[in-house]
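Asks: turn this into a model:
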Amino acid sequence: MNIKHRMLKNPVKGSSLKKKEARLAYRFILPTALIVFGLVVFPAIYSIWISFHDVGLKNLNDVYHAPFVGFENFKNVINDFAFKFQDWRNAGAIVTSIVYSLFSTILTVFFGLIAALLLNRPFKGRGIARSIFLFPYVAPVVSVAFVWRWILDPRQSGVINDVLMRLNLIDTPQAYLSTRGLALILVILFEAWRYFPFAMLMILARLQAIDDMLYEAAEVDGANHWQKFIYITLPELKYVLGSSFLLRLIWTFNKFDDVFLLTGGGYGTKVLPILTYEFSFKTFNFGKGAATAMILFVIVVIFMILYSRIASKSED
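Replies: Have a look, this model is predicted:
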């Protein structure tokens, strides 16, 4: 009360204090702002600029004087056989990205929902079970990817090949990650297995917030477990499921490391981030690579707008 009284008596002193606090706040924010600008904002603006210019090894030492080509890089990307749909054996990076992102996200949320429903029930050792379920999400991607590659090794020493040959289900070792179609399915399963704990945590948090009185009232009315799930649990999880799905879809569409570590983008698993990498660092056509990144950025922005709308509805 004394401080308030003094500030009211001396408004000039109070306003100068606010200015000092504002200056101090800006000083605290400045290091983070510089890092964000240097690592996020500037590279993003620079990529947009490169996507409209002819940038390659020939002029890499003088990028700022690279010739302006307009939308030529975008046309080259769209017309490239690695990008556009040819047939179902050569679906192209855009279709592969959609299939990979959509199905892996659906499975991620589905497995997350099942895991959350199981872990929401009280049982002995539930804490340990939750820790085990979190392992795929917290483990380094390099280690788990190489464990999967060892399990799916095309040689006889691979775990799957060894087990199946011992059971006389196959006669010769199979190259699972080198088989078109099967490789994409395995990459989708890997993505779902690795990230289902994220969906599980979000869903589990919402499950524990549902009022038990709703289930008790439904039980009095004679509802069975399935009816409780359909008419109470699912409606209560509607926004969390939608948010989890769109958030994971955004992240999966940008995924590079998971696919690259498992297959290198070969055998029908070439997604847009890997195509961006190949244009930029294999063919050294940086303008074309930047244009691919911009196409990917536009798609992600659309997903982000959808996510924002769902998030705002859930808050209402």
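Asks: and the helix of greatest length in the chain, what does it pack onto?
Replies: Longest helix in the chain, counting residues (DSSP state H): helix 286-315. Judged by 3 or more Cβ pairs under 8 Å, 6 or more residues apart in numbering; DSSP states H and E, helix 286-315 is in contact with helix 42-51, helix 72-79, helix 234-253, helix 272-281. (Glycine included, C-beta is placed from N, CA and C.)
Asks: quick one: buried residues of it?
Replies: Neighbour counts over helix 286-315 (16 or more other Cβ atoms under 10 Å) mark 286-296, 299-300, 303, 307, 310 as buried.
Asks: and those residues, which is closest to Leu164?
Replies: Leu296 (37.8 Å; Cβ to Cβ).
Asks: the closest one touches Ile274, doesn't it?
Replies: No. Using Cβ atoms under 8 Å as the test, Leu296 is too far from Ile274 to be in contact (10.9 Å).
Asks: contacting residues for Leu30?
Replies: By Cβ atoms under 8 Å, 6 or more residues apart in numbering, the contact list for Leu30 is empty.
Asks: can you verify it is assigned to a helix?
Replies: Yes. With DSSP: H, G, I helix; E, B strand; the rest coil as the criterion, Leu30 is part of a helix.
Asks: show the pLDDT at it.
Replies: In the predicted model, Leu30 carries a pLDDT score of 90.
Asks: gap between it and Ser16?
Replies: Leu30 is 21 Å from Ser16, where distance means Cβ to Cβ, to the nearest Å.
Asks: same thing with Phe42?
Replies: Look at Phe42 and Ser16: by Cβ to Cβ, they are 35 Å apart.
Asks: quick one, phi psi at the nearest residue to Glu278 once chain neighbours are set aside?
Replies: Once flanking residues are discounted, Glu278 sits nearest to Gly265: 7.1 Å by Cβ to Cβ, 6 or more residues apart in numbering. Dihedral pair for Gly265: phi 90, psi 10, per degrees, to the nearest 10.
Asks: center of the chain - which residue?
Replies: Residue closest to the average C-alpha location in the chain (Cα atoms, centre = their mean): Trp251, at 1.8 Å.
Asks: pLDDT wise, what is the nearest residue to that one once chain neighbours are set aside at?
Replies: Excluding its sequence neighbours, the residue lying closest to Trp251 (Cβ to Cβ, 6+ apart) is Tyr195, at 7.9 Å. If you check Tyr195, the pLDDT there is 94.
Asks: for the host helix or strand of Tyr195, buried residues please.
Replies: Using DSSP states H and E, Tyr195 falls within helix 182-207. Buried residues in helix 182-207, counted by 16+ other Cβ under 10 Å: 182-184, 186-188, 190-204, 206-207.
Asks: so that helix versus helix 234-253, what angle?
Replies: Following axes from the mean of the first three to the mean of the last three Cα atoms, to 10 degrees, one obtains 140 degrees for the angle between helix 182-207 and helix 234-253.
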